[in-house]
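**Q** how does the following fold in three dimensions:
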Amino acid sequence: MKKIIILIVMTIAVLQLTSCKENEFEFGSIVAPSNIQITADIVGQDATNPNGDGSGVVNFTAEADNALSYKFIFNGSESTEISGKKTYTFSTLGVNTYTVTVVAFGTGGASSSQTIQVDVLAVYEAPDDLKTKLFGFNPADPMAASSKTFRIKAEANTHFGLGPVDGTFFGEFFSAPANDKSGVGMYDDRFIFHSDGTFEHTTGGDIFGRSGLIDELASSGGSGGTADGADILNYSYNDYTESWSLIAPGGVETLELTGVGFIGYYIANHTYEIFDRQNPNELTLRITDGNNEFDWWFVITSADPQTGVTYEFNNLVWEDDFTVDGAPDATKWTYDIGTGTNGWGNNEVQYYTDRPENVKVEGGNLVITAKRENYLGSAFTSARIKTEGLYDFKYGRVEVRAKLPADAGTWPAIWMLGANFSTVGWPQSGEIDIMEQTGADKNTILATCHWLDAASSTKADFGLTTSITNATSEFHKYTLEWNDEFIKIYLDDVEYYRLANNASLPFNENFFMILNVAMGGTLGGAIDSSFTENTMEIDYVRVFQ
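**A** Okay, here's the model as predicted:
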């Protein structure tokens, strides 16, 4: 009996040894990382500033023997970094001690950890108006709890876009039309900023992000989604909570989210430059993706979807409602006459006149008529009227209500030139095209700015388009709003164009207005062989400051 028991025990032991050897052969050695070294580079640190330059930025680097990846843990938030590099921005005012833990992972999931403490100076205090906009701060009761909920402003053109890294224009490569990304997991997201520094993101169950970059969310519960080129649509992801802070590296107002926190479109970066905050209830954000490939742009708002828009300039300072039949008011309008140089520089084929056949006020509208007729060597005539020498201005809102010509080859335009055009020339003077339409596509309008780029001494342009219906059969409102920080253009009170203005651009001087219908040329294109005549009708032109 004893022999049988001994035999059974020996058999079990052999089986166990065999099993262990098989497991070791299949999975390899389990080796925990050792010799973890963490270095902290406090930005601006020197003998005079031992705690940094006040930006609160610290670049951490972790290294360890036999490590495959690293996890950084600060204030309860975790971030996995294969490279072992992580940047934190500490925003609590004054010199404070912060503790960061690094977990190094080796084969088989074995891990080791190390902790470092850093003393960092932060001196930036966000202005009250920015805090009020972001989370409802009340200067009269600064300790009161408050919060605000934001969303992507989906109903507006130019609410989401991408451009080059360090670009200055919203969506230079792509700017999303209104509701362009419906159904992909973006527009139902809500971003809640609490006064205690908590950031809540309610996702509606799915999110939108960049292929490859969004994969890092898999470790925190994300999965699936549908590939659409470089985008991942409807990636499954639940609500989560992180922290937010306002910082100002290099003097630039910036919103930083901890951990996986993001807004709108996941790109594996969490630091958003506040590019513009002039509009009520809105923030325009810019961020570079984790591949350092593009800048991404977002407009977020705390307001409910709007049916209208609130403009900055509302004091009417100049107008023409075209109420008196006959020639346009000579105290407000003058004319360009003839064919210009090389068809006004655009290979246009019309001869501009001041004849009533081409321009007149009739029935409460200004009527500019392009005609097929032989006139002083040209096969077409039209009109181009302007306020040059009579009225020019700097900054404000221009509002024009117009109905456009329908025929192929007609090129209507509502635009402005710098008042110094006659002395400095073009494009040095700058040009703002509030509305143009090509001769071939009457379901699209264009907004464009032109100027001389000082760095390259070449012409620079930035233009965007938007769809329009019934432009040739109904009146629509074309609006420019312009100040020292932006140029915005609207169709029927919906913004679709935005250009950041600055001191290096020519859009900080007086401009005058121009209304015309060209024929052919670079945008008019081929003229319909059956064309006889067509009109642009203007109900009113108004300037607000």
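**Q** tell me the helices in the stretch 401-545 of the chain, going along the chain?
**A** 421-424, 521-524 (DSSP state H, counting those that start in this stretch).
**Q** deepest-packed of these, please.
**A** helix 521-524 (a mean of 20; mean count of other CB atoms under 10 Å). All C-beta atoms are positioned from the backbone trio N, CA, C, and that covers glycine.
**Q** in a markdown table, list the helices of the stretch 401-545 of the chain along with distance to residue 472 and mean pLDDT.
**A** Formatted as a markdown table, the helices of the stretch 401-545 of the chain follow (distance: least, CB to CB, whole Å; pLDDT from 0 to 100):
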| stretch | distance to residue 472 | mean pLDDT |
| --- | --- | --- |
| helix 421-424 | 30 | 96 |
| helix 521-524 | 15 | 96 |
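**Q** now those helices in TSV, with distance to residue 272?
**A** Compiled in TSV, these are given as follows (distance: least, CB to CB, whole Å):
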stretch	distance to residue 272
helix 421-424	38
helix 521-524	37
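**Q** between those helices, which one is closest to residue 96.
**A** Closest to residue 96 of the helices of the stretch 401-545 of the chain, according to CB to CB: helix 421-424, at 53.6 Å.
**Q** what's the distance between residue 399 and residue 505?
**A** Per CB to CB, to the nearest Å, residue 399 is found 23 Å from residue 505.
**Q** and for residue 327?
**A** Taken as CB to CB, the span from residue 327 to residue 505 is 36 Å.
**Q** repeat that for residue 526.
**A** Residue 526 is 34 Å from residue 505, by CB to CB.
**Q** got it, and residue 330?
**A** Taken as CB to CB, the span from residue 330 to residue 505 is 33 Å.
**Q** higher neighbour count, the two?
**A** Higher neighbour count among residue 330 and residue 505: residue 505, with 20 against 9, using other CB atoms under 10 Å.
**Q** list the contacts of that one.
**A** 430, 451 (CB atoms under 8 Å, 6 or more residues apart in numbering).
**Q** once you drop chain neighbours, what's closest to the residue most central in space within the chain?
**A** Centroid-nearest residue in the chain: residue 297, 2.8 Å away (criterion: CA atoms, centre = their mean). Excluding the flanking residues, the one nearest residue 297 by CB to CB, 6 or more residues apart in numbering is residue 161, at 4.5 Å.
**Q** surely that neighbour forms part of a helix?
**A** No: going by DSSP: H, G, I helix; E, B strand; the rest coil, the assignment for residue 161 is strand, not a helix.
**Q** pretty sure it sits against residue 177.
**A** No: assessed by CB atoms under 8 Å, residue 161 is found out of contact with residue 177, at 10.3 Å.
**Q** which of these two has more neighbours?
**A** Taking neighbours as other CB under 10 Å, residue 161 and residue 177 compare with residue 161 leading, 24 against 17.
**Q** distance of the more buried one relative to residue 453?
**A** Noted for residue 161: a distance of 21 Å to residue 453, by CB to CB.
**Q** where does the stretch 301-450 of the chain have low pLDDT?
**A** 306-308 (pLDDT under 70).
**Q** one more time with 90, if that's ok
**A** In the predicted model, the stretch 301-450 of the chain carries pLDDT under 90 at residues 303-310, 341.
**Q** next one: the stretch 51-200 of the chain
**A** Using pLDDT under 90, the stretch 51-200 of the chain drops low at 53-57, 75-83, 87-94, 107-109, 122-126, 155-158, 167-172, 175, 177-179.
**Q** where exactly do the helices run in it?
**A** 128-135.
**Q** show me what contacts the closest residue to residue 408 other than its chain neighbours?
**A** Counting by CB to CB, 6+ apart, residue 408 lies nearest to residue 528, which is 4.3 Å off, once chain neighbours are set aside. Contacts for residue 528 (CB under 8 Å, 6+ apart) come out as 407-409.
**Q** so which of those wins on neighbours?
**A** residue 409 (24 neighbours).
**Q** what about the nearest residue to it once chain neighbours are set aside, distance to residue 356?
**A** In this structure, residue 409 finds its nearest non-sequential neighbour in residue 527, 3.0 Å apart by CB to CB, 6+ apart. For residue 527, the distance to residue 356 equals 23 Å [CB to CB].
**Q** run a quick neighbour tally on the nearest residue to residue 524 once chain neighbours are set aside.
**A** Sequence neighbours aside, residue 411 is the residue nearest to residue 524 in space, at 3.5 Å (criterion: CB to CB, 6+ apart). By the measure other CB under 10 Å, the count of residues near residue 411 is 25.
**Q** got it, and residue 174?
**A** Neighbours of residue 174 (other CB under 10 Å): 13.
**Q** partners of it in the sheet?
**A** Here residue 174 sits in beta bridges with residue 162, as judged by DSSP bridges.
**Q** swap in residue 398?
**A** residue 480, residue 543.
**Q** how much space is there between it and residue 391?
**A** 12 Å.
**Q** higher neighbour count, those two?
**A** Each of residue 398 and residue 391 has its neighbours counted (other CB under 10 Å); residue 398 has more, 24 against 18.
**Q** which stretches of the stretch 301-450 of the chain form strands?
**A** Ranges of strands in the stretch 301-450 of the chain, per DSSP state E, counting those that start in this stretch, are 316-320, 334-336, 350-352, 359-362, 365-375, 378-382, 384-386, 396-403, 410-418, 431-436, 444-453.
**Q** show me what the fourth one is packed against.
**A** Other elements packing on strand 359-362 under the criterion 3 or more CB pairs under 8 Å, 6 or more residues apart in numbering; DSSP states H and E are strand 365-375.
**Q** do that again at 10 Å, thanks
**A** The contact analysis (3 or more CB pairs under 10 Å, 6 or more residues apart in numbering; DSSP states H and E) places strand 359-362 against strand 365-375, strand 511-519, strand 533-544.
**Q** now do the second one against strand 316-320, angle only.
**A** With axes from the mean of the first three to the mean of the last three CA atoms, to 10 degrees as the criterion, the two stretches strand 511-519 and strand 316-320 enclose an angle of 30 degrees.
**Q** what about the strands in the stretch 51-200 of the chain?
**A** So, for the stretch 51-200 of the chain - with DSSP E, counting those that start in this stretch - the strands run 57-65, 69-74, 77-81, 85-89, 94-105, 111-122, 147-152, 160-163, 174-175, 190-194, 198-202.
**Q** just checking, what packs against the second one?
**A** Read it as strand 69-74. strand 34-42, strand 57-65, strand 77-81, strand 85-89, strand 94-105, strand 111-122.
**Q** compare residue 527 and residue 356 (neighbour count), which wins?
**A** Taking other CB under 10 Å, residue 527 and residue 356 do not tie; residue 527 has more neighbours (22 against 14).
**Q** right, I'll call it a day here.
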